[in-house]
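1. structure, please.
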Amino acid sequence: MEIDPGNTAWMLAASALVLFMTPGLAFFYGGLARSKNVVGTIMQSFICISVVAILWTLVGYSLAFGPDQGLGIIGGLDFVGLRDVGTEPIANGVPHLLFFAFQMMFAIITPALITGAFAERAKFGPFLLFVALWSLLVYAPIAHWVFGTDGWLSPFSSDPEAPDIGLNSLDFAGGLAIHVNAGVAALAAVLAFGRRKGYGVVPMEPHDVPMVVLGAAILWFGWFGFNAGSAVGATGQAVYAFVNTNVAAATAALAWALTAWRVGGKPSAVGAASGAVAGLVAITPASGYVEPLSAILIGAGAGVFCYLAVRLRAKLRFDDSLDVVGVHGVGGAWGAIATGIFAAASVSGLPYAQGLIEGEWHRLTDALIGIAAVGTYSFTLTFVILKVLDLVWGIRVSEEEEDLGLDITQHGERAYTLEEAVGVPVMPAAVTAPATEPYAGQPRPAMNP
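-> The predicted structure follows:
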């Protein structure tokens, strides 16, 4: 097989688009945080690029996509340090090294998603170690289950005579491996970290709504590479994934805004941006398996279900700072279930990629099993990792550091130095930092309109 220039060009672009999503997430999360924690919040997403890229190159890719070691649980060490991973073409004439790069971008953004759950209260040192351990112990095995050839939840088999053997979770671009995984890990993280100081008493509103919308727009743009790139080529399935991505996000943004308006709130920009992200999450597993009309239904469900999940979280006083559980956990689970309902073989060309509506109920049960398995494993390992780190090092900043904010206490800088603009001498950061944020109004959840 020779390298296909067209497919290779598309996958190069798609890989760059997916990488661009992580800075987009940093802006999205940074805008939702309070002004004293902007640098800390952005840094948590940004540094994932460095930590995960190194680990993925050394061993992560091999564990996720190396030859299965039996029972579909984990890959081997054949590709450690990118051994035997070069420019030889694999699927659709795409170089193996390029496929590695594309998957690396997925591995980078997944732990970055979790950071929204414990924003504004994590020590940076233990956080770095958490990202490293979580990437190897949680993400890599689950990626093998879902994406790897012969993974026990994967529709990809090394036996051409039995391509649909076992379970087929039909996770096209990461609803299970990325969003359910990160969403459930976020649930464990909230329990491990506890509530922020003053939660429910001190207003904790988004400090920069334009930054939130900009971040959501970058995520939307990058998601075309995330989903359409998962076809591993410039194919008809990639076109379906591209169109479905846009349709679902647009529908979910409108559904979230209208739902908030209907229940007595306001159609806020933060709500619409959050709805768009929820729609992008939900269509991720289904994007290469469903028709566009089904994508509209998936997006509508995401906008409503994720909004209600965020409202419930607020009533339960569950301090998921930036609503990772409500958007990624609930949205990813709904997307996996919806794939089991709406999948059509006419889109993917796979005869077994049929959902409940097409008369194949096994795809729905496979999706439910996948949600349960990924959720259980991710929650358990995440909680254990964080508890061990807490015992050894301590994962949460002190109350005094939390009052001052992560920007100063963890990184020694501030996001904004407005004093310079009006000619006021700049005092040392530790002196000028306010103990509390001067927001007016009642406290509300960060992503709740």
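
2. what's near enough to touch the closest residue to residue 321 other than its chain neighbours?
-> Nearest non-adjacent residue to residue 321, counting by Cβ to Cβ, 6 or more residues apart in numbering: residue 119, 4.0 Å away. (Each C-beta comes from the backbone N, C-alpha and C, glycine too.) Taking Cβ atoms under 8 Å, 6 or more residues apart in numbering, we find residue 119 in contact with 29, 32-33, 37, 40-41, 44, 321-322.

3. and of those, the nearest to residue 194?
-> Set against residue 194, the nearest of those by Cβ to Cβ is residue 321 (11.6 Å).

4. count of neighbours near the closest one?
-> By the measure other Cβ atoms under 10 Å, the count of residues near residue 321 is 29.

5. what is the strand or helix carrying residue 372 packed up against?
-> Element membership for residue 372, per DSSP states H and E: helix 362-392. Packing partners of helix 362-392 (3 or more Cβ pairs under 8 Å, 6 or more residues apart in numbering; DSSP states H and E): helix 124-134, helix 140-147, helix 181-193, helix 330-342.

6. among those, which is the most enclosed?
-> helix 330-342 (a mean of 28; mean count of other Cβ atoms under 10 Å).

7. picking that back up, same list, the helices and strands packed on helix 362-392, but as a markdown table with mean pLDDT and distance to residue 273 please.
-> Formatted as a markdown table, those follow (pLDDT from 0 to 100; distance: least, Cβ to Cβ, whole Å):
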| stretch | mean pLDDT | distance to residue 273 |
| --- | --- | --- |
| helix 124-134 | 98 | 25 |
| helix 140-147 | 97 | 28 |
| helix 181-193 | 98 | 18 |
| helix 330-342 | 98 | 14 |
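
8. between the ones you listed, which gets nearest to residue 94?
-> Closest of the helices and strands packed on helix 362-392 to residue 94 is helix 140-147, at 14.9 Å (criterion: Cβ to Cβ).

9. and the angle from the closest one to helix 362-392?
-> Going by axes from the mean of the first three to the mean of the last three Cα atoms, to 10 degrees, helix 140-147 is angled at 170 degrees with respect to helix 362-392.

10. other SSEs contacting helix 140-147?
-> Using 3+ Cβ pairs under 8 Å, 6+ apart: helix 140-147 touches helix 61-65, helix 96-114, helix 362-392.

11. turn those helices into JSON lines, columns for distance to residue 344 and mean neighbour count.
-> Shown next, in JSON lines, are those (distance: least, Cβ to Cβ, whole Å; neighbours: other Cβ atoms under 10 Å):
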{"stretch": "helix 61-65", "distance to residue 344": "27", "mean neighbour count": "26"}
{"stretch": "helix 96-114", "distance to residue 344": "25", "mean neighbour count": "23"}
{"stretch": "helix 362-392", "distance to residue 344": "11", "mean neighbour count": "19"}
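
12. dump those helices into TSV; add mean pLDDT and distance to residue 288 as well.
-> Converted to TSV, those look like this (pLDDT from 0 to 100; distance: least, Cβ to Cβ, whole Å):
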stretch	mean pLDDT	distance to residue 288
helix 61-65	98	19
helix 96-114	98	14
helix 362-392	97	14
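
13. of all these, which one is nearest residue 278?
-> Of all the helices and strands packed on helix 140-147, helix 96-114 comes closest under Cβ to Cβ, at 12.8 Å.

14. and the closest one, how far out from the chain's middle?
-> 11 Å (Cα atoms, centre = their mean, to the nearest Å).

15. what do you get for stretch 94-103?
-> 20 Å.

16. do the same with stretch 77-89
-> With Cα atoms, centre = their mean, you get 26 Å for stretch 77-89.

17. quick one: buried residues of it?
-> 79-80, 85, 89 (16 or more other Cβ atoms under 10 Å).

18. start to end distance for that stretch?
-> Terminal residues of stretch 77-89 are spaced 20 Å apart (Cα to Cα, to the nearest Å).

19. follow-up on the earlier one: want to throw the helices and strands packed on helix 362-392 into TSV with distance to residue 288?
-> Formatted as TSV, the helices and strands packed on helix 362-392 follow (distance: least, Cβ to Cβ, whole Å):
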stretch	distance to residue 288
helix 124-134	27
helix 140-147	13
helix 181-193	19
helix 330-342	10
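
20. give me the number of residues near the closest residue to residue 415 other than its chain neighbours?
-> Of all residues not flanking residue 415 in the chain, residue 38 sits nearest, at 3.7 Å (Cβ to Cβ, 6+ apart). Counted with other Cβ under 10 Å, residues neighbouring residue 38 total 25.

21. is residue 38 in a helix, a strand, or coil?
-> helix (DSSP: H, G, I helix; E, B strand; the rest coil).

22. what's the most distant pair in the buried residues of stretch 77-89?
-> Among the buried residues of stretch 77-89, 80 and 89 lie farthest apart (Cβ to Cβ), at 21.7 Å.
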